[in-house]
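Student: Output the structure for:
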Amino acid sequence: MGKSKIPVPQIVYGRCIYWLCITAAVICTIGPAIAVAFPDNNFMNPHYLFPAIWEGKSPEMIWQEVGKGFPGGYFWLHNLSTGDGFTQLGLVLSCSCASVALIATAIAFLRQKPRSYRWALLSFGIALLIVLSALGIWQA
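Tutor: Model prediction:
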């Protein structure tokens, strides 16, 4: 028996997920190194953050003592040059890679012959739900 042929949209999805997750992992590895190497150029100084965590303080207390209060979920957008902001970028990329992969998959569904309009629409729809959820616009 011969090998079965993998559909192109599935290959596209797999490659997008693979490379975006690898990229996110590299970013999430570099970010903490930047944070520790340049502790004063962070939203929360790791020299004070880690001891507070190890002491078992609550997240609210840690944000007040080390970060001067919780700045909101998107603080990293204005702090990409900091180690903790760069790490957050990696986390956001890893959490949203499915939406990017689904958009690429939808395009692959529309490019193949015969076109799979339903699968493309479903892929776009799920990608939209992921983006709206990530932005905090849609909550289940």
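Student: these two touch, right, Gly73 and Gly136?
Tutor: Yes - using C-beta atoms under 8 Å, Gly73 makes contact with Gly136 at a distance of 7.1 Å. From N, CA and C alone the C-beta is placed, and that goes for glycine too.
Student: between those two, what contacts are shared?
Tutor: Counting by C-beta atoms under 8 Å, 6 or more residues apart in numbering, Gly73 and Gly136 have no contacts in common.
Student: Can you show me the helices along the protein?
Tutor: For the chain, the helices defined by DSSP state H occupy 8-37, 46-54, 59-67, 83-111, 117-134.
Student: in the first one, what counts as buried?
Tutor: By neighbour count on 16 or more other C-beta atoms under 10 Å, the buried set for helix 8-37 is 9, 12-13, 16-17, 20, 24, 27-28, 31, 34-35.
Student: how distant is that helix from the center of its chain?
Tutor: Relative to the chain's own centre, helix 8-37 is displaced by 9 Å; criterion: C-alpha atoms, centre = their mean, to the nearest Å.
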